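can't give you the sequence, but here's the structure:
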C-alpha cells in the first residue's frame, strides 16, 4: 500500500468506484421493480445498505490502524488512521441522512430510534470528537497516540451502544427495521457496495497522502544517519 | 497492589483537601436539576416520570467538572510525571485515580437523590438498590472519564474536549442507569432491574480493563 | 534501616508495634545479602570508576526544531558534572531525556548499565530528576509529599526520618504546611528534598540554584559535596559558571543542541563573547 498511495491507483479506484456507484444506483433506483408494501421509498435501500456496510468497514479499518500504530509507532498508520476516521465519519453522516430521508415518508418523523441508526449517530459524535481532539493537540506524537487510544475505546464501545439502544428501544414500540431487500434484486446492491468500497478506499489513500505531507511540514526531517548512529525508534519508517 | 493503595490514598487525600470544590460541584448538579424542572414546567406527573433522566443528566454534567478537576493538581506542577519517574506503575496510578473519581461521583450522586426526591416527588424505598445503581453507573462514567481527563488536561481546549469525547461514549451508561433508576422510582413489576444493572456492570468491566491497558500510553511520552 | 520480607516491608526495629514480626535471622541475612548484591553492582560504578552514564547520538526534536542533535558523552561513576550553555541550548531536554521523562528521537544512552529505551523502569529506579517543574502536589504538605515518595519506593516513611530530610534542606519548621503556601525558593528546597528522598545513584539537577537565596546556595553546595562523597554521579545544569567550576570536576557545554565540549572542567573554554563576564554571580 505504500507505493499504492503514490501512484495512479487511488485515482483509478475513485474513478472505478464512481462508475460502479452510478451503474448500481441507476439500476436500483430507476430500473428495479418497486417493493410491494413501501413502493418507491424502499429504493433508498440500494444506497443505504451498501453505505452501512462501508461505514462499518471504514471504522473497523480505523480501529485496525489504531492498534497497529500503538504497536509499531510508525507514522504511516497514524496517517491512515486520520484518513479512515474522516471517511468513517462522512459515511456515517450519510447513513444518518439517508435514514432520515427514509423515515420521514414512512413514519412521519425525521428520526425513528432504530438501533442501528442510533448507534451510527453516536459513532458520528464519538469519532467526530476524536477528530476535534486531533485539531487541538500540537505535538504530532501525542496527537497520534491519543487519537489511536480514543479510537480503540470508541470502537470497543460500538457493540455495547448497539445492544443497549436495541434493548432500550424494544421496550417502547415494535419497530420494524428498514426492510431488507428481496433476494432477486441483490445485484444492484452488490454493485453499489463495491462501488462505494472502491470509492472510499481510493479517497482514503489520497487523504493518507495529504496527511503524510501535512505531517512532513510539521516535524523536522530525520537527521541523516551516519554509520555509528542508533536507529530512530520513536517514530520510524516512511510516512506511508 | 501497594502502589495502587498508595495512589488511592493520595487521591483521597487530594479530594479531602479540595472538598470545597466537591461541594460546589454538588451545588452545580442541584442547580441543573432545578433548571430541568423549569424546562419541563410545573407538571408533577411528567416530572416524576422523567426524574431518573434528570438525575443522571445532572450527574453527567457534574462529572465533566469533577473529572477535569481531578487532573488539575496532577498537571500544574507535573506531579504525575514526577510519580511516573520514581518509578510508579502507570496502571496503579490510573486505578487509584479512577476509584477515587468513582467514589466522588457516587457521593455527589447520592447527595443529589434527596434533591430529586424533593423537586420531582420521585422517591423510592429501595434505597440500597438505588445506591447500587449509582455506584455501577458512576463506575462506568469514571473509567473512560479518567482516561480522557488525563488526555484533555494536557491540551488547550480542555473544558470543551472532555465532554465532547466522553458523552458519546457513555450513552449506554446513561440509557441503562436511567432505565434502572426509573424502575426503582416508578415500580418494577416484571423484575427488569437485574438485566439493566448487568449491562452497567458489563460496560464498567470492559472500560476499566481498557483504561488500565491504555493509560500508560496516554500519560507517557 | 529495614528489609523486605516477602511482599511487605517490615521494620527491623519494632516501632512499638507488636503486630509486626521481624523475619527470622537466617531469612534476614539472605535478604540483606540479595539487597547488598544489587546495590553493590550499582556502587561498583563509582568505586571502580566505570562509566556510569554513556550517551550515544542522543537527538530530540520538538516540532520543526531539533532541541538536541547527536549528543554523545561519557561520565564516570561518582563524577560531579555540570552542563552549561545559553538559554534554549538543550540542557533541560538533555536532563529529561536521561531521566526517561521524554524519549529521544534518535540515539540512546546507558545509565549504570541499563539502556534508556529498552530498560526504562530500571533506569528510573536509579535516577532522580530535579526538573523545572517541582513535581509537587500543591494541596499536600511538605511531609506528605515526601511520604508519598517514600511509600512508592518502599523507603523509610517514619515521620522522624522525613523530618530529618526536611532539616537537611532547611524546611523542618514548615513540615506541616501545604506547599501552596510556600514561596518559590521553598518549593525548590522541597523539590530537592524529594530528589534526595529517592536515594538514586544518578542525580540529574536542572538549575538547582534557581530561586534560592544565598544560604540556599550554600545548602546546595553542601548537598552536592555530600552526594559526591557517597559516590553518586551528579549531572547539573547551571548558569552559575564560576560556582560550577569550583565544584564540578567534569563539564559539558551545549550550543543550540550540539555538544561543543565534554571533559574536565579545567579545560573548559570561556563562554563565547563573555556575555556573563559582567554579571556578578551568586555569593
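Great, that's in hand. Keep in mind that this is a model prediction, so the values were computed, not measured. Numbering: from 1, shown residues only, chains lettered A, B, ... in the order given.

Give the residue spans of chain C that score low on pLDDT.
Where chain C drops to pLDDT under 70, the residues are C:1-38, C:47-48, C:271-283.

how about a cut-off of 50?
Chain C contains residues with pLDDT under 50 at C:1-20, C:273-280, C:282-283.

any idea which helix or strand carries the residue most central in space within chain A?
Nearest residue to the geometric centre of chain A (CA atoms, centre = their mean): residue A:88, 2.2 Å. Taking DSSP states H and E as the criterion, residue A:88 maps to helix A:75-107.

and if you look at residue C:82?
Using DSSP H and E, the element containing residue C:82 is strand C:80-85.

Can you list the strands that that strand pairs with?
Strand C:80-85 has these partner strands in its sheet, going by DSSP bridges: strand C:233-237 (parallel), strand C:250-255 (parallel).

Now mean neighbour count too, for these, in JSON lines please.
Using the backbone N, CA and C atoms, a C-beta is placed for each residue, glycine as well. Converted to JSON lines, the strands paired with strand C:80-85 look like this (neighbours: other CB atoms under 10 Å in any protein chain shown):
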{"stretch": "strand C:233-237", "mean neighbour count": "26"}
{"stretch": "strand C:250-255", "mean neighbour count": "22"}
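
how about JSON lines for those strands, with distance to residue B:41 added?
As requested, the strands paired with strand C:80-85 are exported to JSON lines (distance: least, CB to CB, whole Å):
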{"stretch": "strand C:233-237", "distance to residue B:41": "65"}
{"stretch": "strand C:250-255", "distance to residue B:41": "69"}
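
out of those strands, nearest to residue B:106?
Across the strands paired with strand C:80-85, residue B:106 has its closest neighbour in strand C:233-237 (45.8 Å, CB to CB).

now the closest one: how far from the chain's centre is it?
7 Å (CA atoms, centre = their mean, to the nearest Å).

now for the helix or strand following that strand, which elements pack on it?
Downstream of strand C:233-237, the next assigned helix or strand under DSSP H and E is helix C:241-247. In terms of contacts (3 or more CB pairs under 8 Å, 6 or more residues apart in numbering or on different chains; DSSP states H and E), helix C:241-247 is packed against strand C:80-85, helix C:214-229.

now, of those, which is deepest in the fold?
strand C:80-85 (a mean of 24; mean count of other CB atoms under 10 Å in any protein chain shown).

tilt between the very next helix or strand once past that one and strand C:250-255?
Note on strand C:80-85: by DSSP H and E, the next helix or strand toward the C-terminus is helix C:91-98. Calculated by axes from the mean of the first three to the mean of the last three CA atoms, to 10 degrees, helix C:91-98 forms an angle of 120 degrees with strand C:250-255.

contact partners of helix C:91-98?
C:53, C:55, C:58, C:60, C:67-68, C:71, C:83-85, C:102-104, C:109, C:111, C:116, C:127, C:129, C:131-132, C:202, C:204-206, C:235, C:237, C:254, C:257 (CB atoms under 8 Å, 6 or more residues apart in numbering or on different chains).

next one: stretch C:170-188
Everything outside stretch C:170-188 that qualifies as a contact, by CB under 8 Å, 6+ apart, is B:17, C:134, C:136-143, C:145, C:162-163, C:166, C:189-190, C:193, C:208, C:210-213, C:215-216, C:219.

gap between the two ends of it?
11 Å (CA to CA, to the nearest Å).

Just give me the neighbour total for residue 81.
Going with chain A. 27 (other CB atoms under 10 Å in any protein chain shown).

my bad, the chain I had in mind was chain B
Applying other CB under 10 Å, I find that residue B:81 has 21 neighbouring residues.

just residue C:121 next, same as before
10.

which ones are touching it?
With CB under 8 Å, 6+ apart, residue C:121 has these contacts: residue B:87.

Stretch A:52-72 and chain C, any residue contact?
No. Stretch A:52-72 is not in contact with chain C by CB under 8 Å from any CB of the partner chain; minimum separation 14.7 Å.

How is the residue in chain B positioned nearest to chain C assigned, secondary-structure-wise?
Here chain B gets closest to chain C at one residue, residue B:82, 2.7 Å apart by CB to the nearest CB. Under DSSP: H, G, I helix; E, B strand; the rest coil, residue B:82 falls in the helix class.

ok, for it, nearest residue in space, not its chain neighbours?
Nearest residue to residue B:82 in three dimensions, chain neighbours excluded: residue C:135, at 2.7 Å (CB to CB, 6 or more residues apart in numbering or on different chains).

and the gap between that neighbour and chain A?
Here residue C:135 is placed at a distance of 20 Å from chain A (CB to the nearest CB, to the nearest Å).

After the helix ranked longest in chain B, which helix or strand is next? Please name it.
Using DSSP state H to define each element, chain B has its longest helix at helix B:90-120. Beyond helix B:90-120 in the direction of the C-terminus, DSSP H and E gives the next helix or strand as helix B:127-152.
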